[in-house]
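Peer 1: please find the sequence and the predicted model below.
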Amino acid sequence: MAYFITETCNGCTSCARLCPAGAIQGEKKNRHVIDLGLCIECGACGRICPQSALQDPTGRAVQSVKKQFWAKPVFNHKTCMACGICINACPAGCLKPGEPSRKDKNAYPELADPGACLSCGFCADECPVEAVTLEAPPEAMAKAG
Ligand code: SF4
Ligand code: SF4
């Protein structure tokens, strides 16, 4: 299964530039195509597309969201075991172990490169103790409310 680009695509190239798997091909101003064998279903192409031209693997249209409003991971240090599974799961490589403190020697993960986060949620999906949640920035919450 993979994401799919519909004929609404105008070839702006936003998705191809963002895709962490290099799964999207196409000439500028022409409809782009996703390689089913490469897509990891992160959904970033759907979130970034200004034409809302993407369908998810179930065939549902994906709405685009302004990048500044994308939800980002938050780590609960009460449950996190600092195992690093989330760091390895991130396709964008934007997580890293944080510095242990004097009180707590655990190197808890932190979002080292927020601008690179794809809001895919793979970190949360893979965490064995559900210590990762994706939260929208306060501006997005205010807009929604
Ligand atoms: S879902 Fe992710 S991996 Fe698949 S084509 Fe879109 S951006 Fe690339
Ligand atoms: S949501 Fe998590 S796994 Fe996905 S890009 Fe952001 S930090 Fe990486």
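Peer 2: Nice, I can see it. Numbering: from 1, shown residues only. Ligands and ions are numbered 1, 2, ... in the order given.
Peer 1: Phe75 reaches Val129, doesn't it?
Peer 2: No - counting by CB atoms under 8 Å, Phe75 stays clear of Val129, with 10.9 Å between them. Quick note: C-beta positions are derived from backbone N, CA and C, even for glycine.
Peer 1: neighbour count winner among those two?
Peer 2: Neighbours per residue (other CB atoms under 10 Å) separate Phe75 from Val129, with Phe75 holding more: 21 against 12.
Peer 1: contacts for stretch 67-83, please.
Peer 2: Stretch 67-83 is contacted from outside by 47-48, 86, 95, 97, 104, 106-111, 114, 117-119, 121, 123-124, 127-137, 139-140, 143, using CB atoms under 8 Å, 6 or more residues apart in numbering.
Peer 1: please redo it, this time with the cut-off set to 6 Å
Peer 2: Stretch 67-83 is contacted from outside by 106-109, 111, 117, 119, 123, 129, 131-136, 140, using CB atoms under 6 Å, 6 or more residues apart in numbering.
Peer 1: among the residues you listed, which one has the lowest pLDDT?
Peer 2: The lowest pLDDT within the contacts of stretch 67-83 belongs to Ala140, with 71.
Peer 1: what about that residue, is that helix, strand or coil?
Peer 2: helix (DSSP: H, G, I helix; E, B strand; the rest coil).
Peer 1: who wins on neighbours among the contacts of stretch 67-83?
Peer 2: Highest neighbour count within the contacts of stretch 67-83: Cys123, with 27 neighbours (other CB under 10 Å).
Peer 1: for that one, give its distance to Ala21.
Peer 2: Counting by CB to CB, to the nearest Å, the gap from Cys123 to Ala21 is 16 Å.
Peer 1: how much space between the spatially closest residue to Ile87 that is not a sequence neighbour and Lys67?
Peer 2: Nearest residue to Ile87, sequence neighbours excluded (CB to CB, 6 or more residues apart in numbering): Leu95, at 4.5 Å. Per CB to CB, Leu95 is found 18 Å from Lys67.
Peer 1: all set now, cheers.
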